[in-house]
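Student: With the input below, show me the fold.
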Amino acid sequence: MNVFLLALIAFLCFAAHFSRAMEEDYDDYEDGFAISETGEIIDERPSSSSQSLSVTFTNTLPDETLNLYWVSDDGENVFIADIPPSSSIPVTTFSSHIFTAKPAESQAAILPRVHTMRPSQLEYRFGGIGTAGAARSSVGFSPQTEKPFYRVLNTPSTSASAKFRNIIPAKVDVWYDDGHDGIPQGTLDLGMEYTVNSYAGHVFYFTEHKQKNKVLARHTVDPKKVLYIIEDKARPPPKEMRDHIAREEAFMTEYLQRTGREWRHYFGPDGQPRKPPIHHMWPADYSGQVHHADTSEHYWTCRGPAATCHQAPSKPLTLNLTVVSTAPRAFFIENFLSDVEADAIIATAAPKMAGSFVGNKDGGGARKSDTRTSRNAWVPRDSNEVTESLFRRAEQLLRIPRLDRSNTEDMQVVHYVHGQKYDSHHDWGVSGYSESRYITLLLYLTDMAAPDAGGETSFPKGADGQGFKIHPGKGNAVLFYNLLPDGNGDDLSLHAALPVLKGEKWLANFWVWDPKRK
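Tutor: Now for the predicted structure:
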């Protein structure tokens, strides 16, 4: 590659970056921060994305040349250079820019399909042809879009998770102080906990049950604090409860000093934290790492008898898991389900759809909230032959022997139309027991109507704190873990369903618990 071409690439990348920065439009906010259209508080101070990066792209294929492309903001592939077999080339670019590669002569799929530039990574590899893509054309999949499905947000999140515990020997009502009449968050009995994702400076207050004017306690969210105790000195808790809090706070201090992270999950009355997960966890050592999972559960190619529509292939189907994030631990799975299967899930769920709730009965109570405006339904494993197939395929992908109601919730199907969303939240929570949601497997049942249609899944604390969003398209899946290997809740697994701006979005998900479902 000559000097002129390298300079041209750098100029194009910088121009695209500058143009994107000029197009951003946020509401005013004090102290160098702003509120984005999705409600996320963002840092508008200069970021490192304006600094150029000198990176290396490597072709690991031994006998095929790859064409390297830069993906522009409108989804166009701009040819950069050829990468000879088993060779590397240098490129100057910028953080968050996306590159893809294709074999120069064959139509084979390569893994990973795209790379997004990060300041912490300077080498990117393409290669590893998989078998799922080869099976794609024979089972009626939608054509794979060439549009980028992953974007770094460059908007650091200021959110913080908080755990409120009631030690008053009475029921208390939980309220978020919105500066007006307060927004109800549920009710807590003695010893119960309520976990929430909020922001520094937000205030929660706690009142006598059904006596809103009798405020018992008030807490302001501090990003450096996790546990908040709701107490009334006139009604002290049992001594063993106070002793337990002292042991827990001592452990949290030791854990922070040892790991650099806050302990956010359950701490038992025996003085021990939640144990590490017992179920399999795929490694995520670096972005672009690829794992392979063989499954005997082949695709449904039509709706009809299994003998016609669900014929066994001559060999197992290989699903490829590509690491898109190491923290949180997240993976892209291409071709997890066929178009027939995606459409069958929608058809099964559509008659059952109702307004979505947030929360649960053990953590303040399930309730309606303007933070979640979609509609959803629950589809049991035994609903039909297709749902049985998807549960079995998920078992083999996740390497868990059996997914049933002992460790997995019914499949949730969610429908979003224009403007609907689910604001930033964690799938795990602490409600007074060690059992926890462990795995979230998202199945995308529709494509984005356009590159700017919205509806992506965002991870505000991923991508080295810059955040990223992803929508892999119909038939594909995203897997992420809600717990860390030591059993702590992963604060970086914070995620949101961004508002749909065009068309609609259908999504299904599995929630797998560890060690069992509560």
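Student: P103 bridge partners, please.
Tutor: L66 (DSSP bridges).
Student: Residue numbering should commence at 17 henceforth.
Tutor: Sounds good: first residue 17 from here, last item P119.
Student: what about it, neighbour count?
Tutor: 17 (other C-beta atoms under 10 Å). Placement of C-beta: from N, CA and C, glycine included.
Student: Next one: it relative to G217, how far apart?
Tutor: 52 Å (C-beta to C-beta, to the nearest Å).
Student: same question, A124
Tutor: Taken as C-beta to C-beta, the span from A124 to G217 is 53 Å.
Student: do the same with P254
Tutor: Counting by C-beta to C-beta - P254 and G217 are separated by 33 Å.
Student: And for Y460?
Tutor: 35 Å.
Student: So between those two, which is more surrounded?
Tutor: Y460 (26 against 12).
Student: if I look at that one, how far off is V429?
Tutor: Counting by C-beta to C-beta, the gap from Y460 to V429 is 12 Å.
Student: which residues are common contacts for the two?
Tutor: L523 (C-beta atoms under 8 Å, 6 or more residues apart in numbering).
Student: for V402, what are its contacts?
Tutor: So V402 contacts 316, 356-357, 360-361, 364 (C-beta under 8 Å, 6+ apart).
Student: What's the local residue count around the nearest residue to it once chain neighbours are set aside?
Tutor: Closest residue to V402 apart from its sequence neighbours, by C-beta to C-beta, 6 or more residues apart in numbering: A360 at 4.4 Å. A360 has 22 neighbours, counted by other C-beta under 10 Å.
Student: and what of the one 10 residues further on?
Tutor: A370 is surrounded by 9 other residues when neighbours are defined as other C-beta under 10 Å.
Student: doesn't N392 make contact with it?
Tutor: Yes - between A370 and N392 a contact is recorded at 7.1 Å, counting by C-beta atoms under 8 Å.
Student: Give me the residue ranges of the protein where confidence is low.
Tutor: 17-66, 90-91, 125, 144-164, 373-384, 386-387 (pLDDT under 70).
Student: the helices in it, which residues?
Tutor: 19-39, 148-152, 255-275, 322-325, 355-365, 401-414 (DSSP state H).
Student: Not counting sequence-adjacent ones, nearest residue to A216?
Tutor: P239 (5.0 Å).
Student: wait, doesn't G448 sit right on E209?
Tutor: Yes - G448 is within contact range of E209, at 5.6 Å (criterion: C-beta under 8 Å).
Student: The two: which has the busier surroundings?
Tutor: Ranked by neighbour count (other C-beta under 10 Å), G448 and E209 place E209 first, with 21 against 16.
Student: my guess is that one contacts S177, does it?
Tutor: No - E209 lies out of contact with S177 (C-beta under 8 Å); the separation is 12.0 Å.
Student: neighbours of A262, just the number please.
Tutor: Neighbour count for A262, taken as other C-beta under 10 Å: 9.
Student: and it, what is it in contact with?
Tutor: Applying C-beta under 8 Å, 6+ apart, no residues qualify as near A262.
Student: where exactly do the strands run in the stretch 67-216 of the chain?
Tutor: 68-75, 82-87, 93-99, 103-110, 114-119, 130-132, 139-142, 166-168, 175-182, 188-192, 199-204, 209-215 (DSSP state E, counting those that start in this stretch).
Student: Now render these as JSON lines, adding distance to N229.
Tutor: Shown next, in JSON lines, are these (distance: least, C-beta to C-beta, whole Å):
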{"stretch": "strand 68-75", "distance to N229": "57"}
{"stretch": "strand 82-87", "distance to N229": "57"}
{"stretch": "strand 93-99", "distance to N229": "62"}
{"stretch": "strand 103-110", "distance to N229": "55"}
{"stretch": "strand 114-119", "distance to N229": "54"}
{"stretch": "strand 130-132", "distance to N229": "52"}
{"stretch": "strand 139-142", "distance to N229": "60"}
{"stretch": "strand 166-168", "distance to N229": "47"}
{"stretch": "strand 175-182", "distance to N229": "19"}
{"stretch": "strand 188-192", "distance to N229": "11"}
{"stretch": "strand 199-204", "distance to N229": "14"}
{"stretch": "strand 209-215", "distance to N229": "21"}
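Student: Between the ones you listed, which one is closest to G470.
Tutor: Distance to G470, taken as C-beta to C-beta, is lowest for strand 166-168 among those, at 11.9 Å.
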